[in-house]
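In: mind looking at a prediction? Sequence and model below.
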Amino acid sequence: MKKTVTLYARSVYWRRVAILLALVSGVAASAEPVEITAKSFKCIKEMTPVRGFFVDNLSGNLEGTLAVARSATGGVYPPGTVVQLFPNEVMVKRETGFNPVTKDWEFFELDVDKNGSTIRKRGFADIKNRFGGNCFACHVAAKPEWDMICEDSHGCKKLPVSEMAIKSLQNTDPRCKASDATLMQRFTAWTIRLLTPL
Ligand code: HEC
């Protein structure tokens, strides 16, 4: 009799453990989509460089992001991917199916200073940068295998900005604690910020 009771108690115990494990793994598998706020963004140079641009992943899947970014044949970026070329323009890959028109990319226009980032604008097909250019209208021209990433050879209209100007703006991102900008880059960035809406 005692033995049966003990066996029963044991089986109840293990069933509880099993239910608990199932619950925990269930929660992990259906992780909530990350909330994107101004705090999601950081000094561009603290992101991972890929050729000329920088990437990050807000869902902890940097490996998945890098696999696509470094692929010679393209691919679909995983949710949580952050891509930046300029300190104040960002593309974030949202949950799958979130916005089929923009292939789930959300576009951001930021204000950046030494205290961090402020979101000026965020959205999908209707976001324009400070020069009046519609992010989506340009990026949609990238060939489908590049998932709306333009670079210099994916089919988008070229930006009227030099390599030197891009590097200068990246190296003088005011959110960065340290800067390795050369004097020439500082001067170039300063001139651009003086003469343009940046
Ligand atoms: C006039 C067309 C145009 C507009 C408008 C534009 N982009 Fe781009 N963007 C480009 C091109 C072209 C590149 C690639 C530049 C290069 O690497 O030479 C680029 C690069 C980028 C990159 C780096 C990854 C990539 O695609 O190469 C990001 C991120 C980005 N843009 C975000 C934005 C956001 C956000 C906006 C709106 C706030 C925006 N862009 C507006 C054309 C545009």
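Out: That came through, no problem.

In: okay, the helix or strand encompassing residue 184 in CSV with CA atoms only?
Out: Following DSSP states H and E, one finds residue 184 within helix 183-195. Output of helix 183-195 as CSV, limited to C-alpha atoms (Å, rounded to 0.1, in the frame of the first residue of the first chain):
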residue,chain,number,x,y,z
LEU,A,183,40.7,65.5,-39.2
MET,A,184,39.6,65.4,-42.9
GLN,A,185,36.6,63.2,-42.0
ARG,A,186,35.6,65.5,-39.2
PHE,A,187,35.8,68.5,-41.5
THR,A,188,33.8,66.7,-44.2
ALA,A,189,31.1,65.7,-41.8
TRP,A,190,30.9,69.1,-40.2
THR,A,191,30.5,70.7,-43.7
ILE,A,192,27.8,68.2,-44.7
ARG,A,193,25.9,68.9,-41.4
LEU,A,194,26.2,72.7,-42.0
LEU,A,195,25.0,72.7,-45.6
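
In: check which helices and strands that helix sits against.
Out: helix 163-171 (3 or more Cβ pairs under 8 Å, 6 or more residues apart in numbering; DSSP states H and E). Every C-beta, even on glycine, is put in place using the N, C-alpha and C of the backbone.

In: give me the contact list for the helix it packs on.
Out: 44-45, 52, 54, 85-87, 179-182, 184-186, 188-189, 192, 198 (Cβ atoms under 8 Å, 6 or more residues apart in numbering).

In: repeat for stretch 104-114
Out: Contact partners of stretch 104-114, identified using Cβ under 8 Å, 6+ apart, comprise 36, 38, 41, 79, 87-99, 117-124, 127-130, 135-136, 139, 148, 173-175.
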